[in-house]
Structure formats: structure tokens, C-alpha cells
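K.L.:
this is a predicted model, with the sequence first.
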Amino acid sequence: MSNEDLRLRGQLCFRLYTASRLIVKSYTPLLSGLGLTYPQYLVMMVMWETDGLTVNEIGGRLMLQTNTVTPLLKRMEQMGLVERRRGEGDKRRVIVALTERGRAMEREASRIPQAQVSRMLCNGATEETIPGLLPRLDSVIEILRGMTGEKEAQE
């Protein structure tokens, strides 16, 4: 029995899953010198943009649940990149701040986005392809957020 609707080659979800898996894999050699995993790199980008956020704010910006972000932050604290402390007025709030080592890493990491674009261009992407993907992916994310009821990422 064959159902065309269930053919893998016709599934948007499979393409998005594969793209996600491959983008993470493609960043691995770029991040290895920093000793970061891709999820840790995402946390660091949020922190370089705005230091001193709560765990919930970091999760919101990354569209991740607190129980996903907390283990990342614990490991990053062990690595000496961030420090966590309880909020002064509300001890339930955990504030995350970059350490000197975490701040210093930003300079080295600043080469990564352009290096990734260069690698993509060397492998068949065009100058027009990459910027054109951003609004399309934003549209897909917005549609999926509506379907799942997830909150919008905080800017």
C-alpha cells in the first residue's frame, strides 16, 4: 500500500529537520576552537547582545523552555563563561552575567558568521540566496508558532 502524502520526499517537516541538523553540524568546526556547542553559541550570542538577563529572558529569546536552558547555563558556568546569581528582590529569579572570559570570547566569535557565509558560498549558495532565506524562514516560524501556541521570541 502506498500513500503519496506519507512519502518522505514530499514532507516540509523532513526538509526543515534536515536543514536544522545540517546547520548545527556545519557550525561544529567553527565553534570547536571556542570549545562551544551550537546551543551554547546561541546562548553566548544572546548574552553578548544583552548581558545580565534572567534565565527566563534567555529562554524567551531563544524560544526554549527554562528546563532546556538551565543545563546549558550550568555547563557554561563550569566553563567559566557565565555566572548565575539569585535576584536581589526575588530569590526565584536567576540572573546570568558574562564573566571576563565570556566577554573576551566575543572578539574571537565575531568571525564565525562571515566564515559560515563564506563556506556556504563556496558550496553553492549565491549572494542572493542567504538574505532571501531569512524572511521566508521567519514566515515559517511565525506560522508554526501560531500552530503550537508558543510565545514570540523577545527582542
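P.N.:
Structure's in. What do you need?

K.L.:
ok, the closest residue to L53 other than its chain neighbours - contacts?
P.N.:
Of all residues not flanking L53 in the chain, V96 sits nearest, at 5.9 Å (Cβ to Cβ, 6 or more residues apart in numbering). From N, CA and C alone the C-beta is placed, and that goes for glycine too. Neighbour list for V96: M47, G52, L53, T54, V55, I58, L73, V82, E83, R84 [criterion: Cβ atoms under 8 Å, 6 or more residues apart in numbering].

K.L.:
so which of these is the closest to A125?
P.N.:
A125 lies nearest to M47 out of those, by Cβ to Cβ, at 28.6 Å.

K.L.:
list the contacts for that closest one?
P.N.:
Neighbouring residues of M47 by Cβ under 8 Å, 6+ apart: L53, I58, V82, V96, L98, G102.

K.L.:
give me the pLDDT for the residue nearest the centre of the chain.
P.N.:
For the chain, the residue nearest the mean C-alpha position is L42 (3.7 Å; Cα atoms, centre = their mean). Here the pLDDT value assigned to L42 is 98.

K.L.:
equivalent analysis for E155, please.
P.N.:
On pLDDT, E155 comes in at 53.

K.L.:
how about the helices in this protein?
P.N.:
12-32, 38-49, 55-62, 66-78, 100-109, 112-122, 129-148 (DSSP state H).

K.L.:
closest to C13 out of the contacts of V96?
P.N.:
Nearest member of the contacts of V96 to C13, counting by Cβ to Cβ, is I58, at 26.9 Å.

K.L.:
and that closest one, how far is that from T66?
P.N.:
Per Cβ to Cβ, to the nearest Å, I58 is found 9 Å from T66.
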